[in-house]
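>>> sequence? don't have it. structure:
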């Protein structure tokens with residue numbers, strides 16, 4: 001989770017996200033393919049290091065594996081930061 005947070009916190013990513021949100025709004029209000037493409041720029045670098053595929057398939061794999069930690073307070077706190 002820390003590596004994803006670092007990637008999403010990167011100034012270049014944040015700049016691209018701000019530009020995207022100016023056009024489409026926040027992802028939680030209006031999720032678009034452009035949001036997916038931008039998020040994958042970080043996820044595709046991090047997820048393969050942990051055995052997950054690139055693309056949406058890897059994100060779904062990660063979410064499935066992570067679901068078993070839904071009762072872990074630290075995991076949930078970190079997930080909230082990512083969202």
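Ah, there it is. Nothing here was measured: the structure is a model prediction, and the numbers come from that model. Numbering: from 1, shown residues only.
>>> residue ranges with poor pLDDT in this structure?
Applying pLDDT under 70 to the chain flags no residue at all.
>>> Run through the strands of it in chain order.
For the chain, strands defined by DSSP state E do not occur.
>>> Name the residue most distant from the centre of it?
residue 71 (20.0 Å; CA atoms, centre = their mean).
>>> List the contacts of the spatially most central residue of the chain.
The chain has residue 39 as the residue nearest its centroid, 5.4 Å off, counting by CA atoms, centre = their mean. The contact partners of residue 39, by CB atoms under 8 Å, 6 or more residues apart in numbering, come to 8, 27, 59. Placement of C-beta: from N, CA and C, glycine included.
>>> Any figure for the gap between residue 12 and residue 18?
Going from residue 12 to residue 18 by CB to CB, to the nearest Å gives 11 Å.
>>> Over to residue 66?
Taken as CB to CB, the span from residue 66 to residue 18 is 27 Å.
>>> Looking at those two, which has the bigger crowd around it?
residue 66 (14 against 9; other CB atoms under 10 Å).
>>> and that one, what does it touch?
When contacts are counted by CB under 8 Å, 6+ apart, residue 66 touches 75, 79.
>>> List the residues that contact the closest residue to residue 8 other than its chain neighbours.
Closest residue to residue 8 apart from its sequence neighbours, by CB to CB, 6 or more residues apart in numbering: residue 42 at 5.6 Å. The contact partners of residue 42, by CB under 8 Å, 6+ apart, come to 4, 7-8, 10, 13.
>>> Let me know the closest of the residues you listed to residue 75.
Checking these against residue 75 with CB to CB, the nearest one is residue 4 at 12.6 Å.
>>> Test my guess that that closest one contacts residue 49.
No. Using CB atoms under 8 Å, residue 4 and residue 49 do not qualify as a contacting pair, with a distance of 10.8 Å.
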